[in-house]
Structures are given as structure tokens and as C-alpha cells.
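In: need coordinates for the below:
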Amino acid sequence: MTAASRGLRVALWLEGASLLGLLAVAMPLKYAAGLPGPVRVVGAIHGLLFVIVAVLLYRSVVEGALTRRSALRLLALATLPLGFLAASRQVCRSADLEPAP
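Out: Numbering: from 1, shown residues only. Predicted coordinates:
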């Protein structure tokens, strides 16, 4: 696995974890307990990580490691709550490696 695909995979996992944290922890705190602070913090972190994923995908297309179609598919998967799991597997397949368990 190249360093670029490894970095993309790590970024996808971090972005996915931040989305799950936003949906499962921060939003219930906001609406059930009336605490809007966690949504601001976790939402900002999630937004930054999503932008990082988008930049890494763009870089992968420019370098020829991914096609535009597969990069758009990965970006769409990153918007789904557990989509980062499928996206990570797809990055591993594009690098011709088996995904780590």
C-alpha cells in the first residue's frame, strides 16, 4: 500500500469516526440535554476532516491513483454514517491489497 492510499484510508476512518460521534453523541446531547457546544466542536472537526478527505481524493485523481468516478464514489460514501467502512475497503482494493481486519 502506498503512503498516499494509507493516508487516505486513515483520513476516511477519522472522518467516519467524527461523523458517528456527531450523530451518536453530540446531536443527542444538543437535542436531549440542551447542550449545543458539543455539536459546534465535533461538527467543526468533522467538517475539517471531510475537507481533508476531499483534498486527498483530488490529489489521488491528479496523480492517477484513482479515476474521477471512483473518487466521487468514495466522496459519496464518506457522507454516509458507515460509508467509511466501504470506502476503506475500496481504497484497499484499488491498491491491490487485502483490507486489514
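In: how many residues are close by Gly21?
Out: The tally of other residues near Gly21 (other C-beta atoms under 10 Å) stands at 17. For every residue, glycine as well, the C-beta is placed using N, CA and C.
In: OK, contacts around the residue lying closest to it once chain neighbours are set aside?
Out: Of all residues not flanking Gly21 in the chain, Val42 sits nearest, at 5.3 Å (C-beta to C-beta, 6 or more residues apart in numbering). Residues counted as contacts of Val42 (C-beta atoms under 8 Å, 6 or more residues apart in numbering) are 18, 21-22, 25-26.
In: the residues you listed: which two are farthest apart?
Out: Ser18 and Val25 (10.4 Å; C-beta to C-beta).
In: in terms of neighbours, single out the busier of those two.
Out: Ranked by neighbour count (other C-beta under 10 Å), Ser18 and Val25 place Ser18 first, with 21 against 13.
In: please identify the buried residues of the helix ranked longest in the chain?
Out: When the chain is parsed with DSSP state H, its longest helix is helix 37-63. Residues 38-39, 42-43, 45-46, 49-50, 52-54, 56-57, 60-61 are the ones in helix 37-63 that count as buried (16 or more other C-beta atoms under 10 Å).
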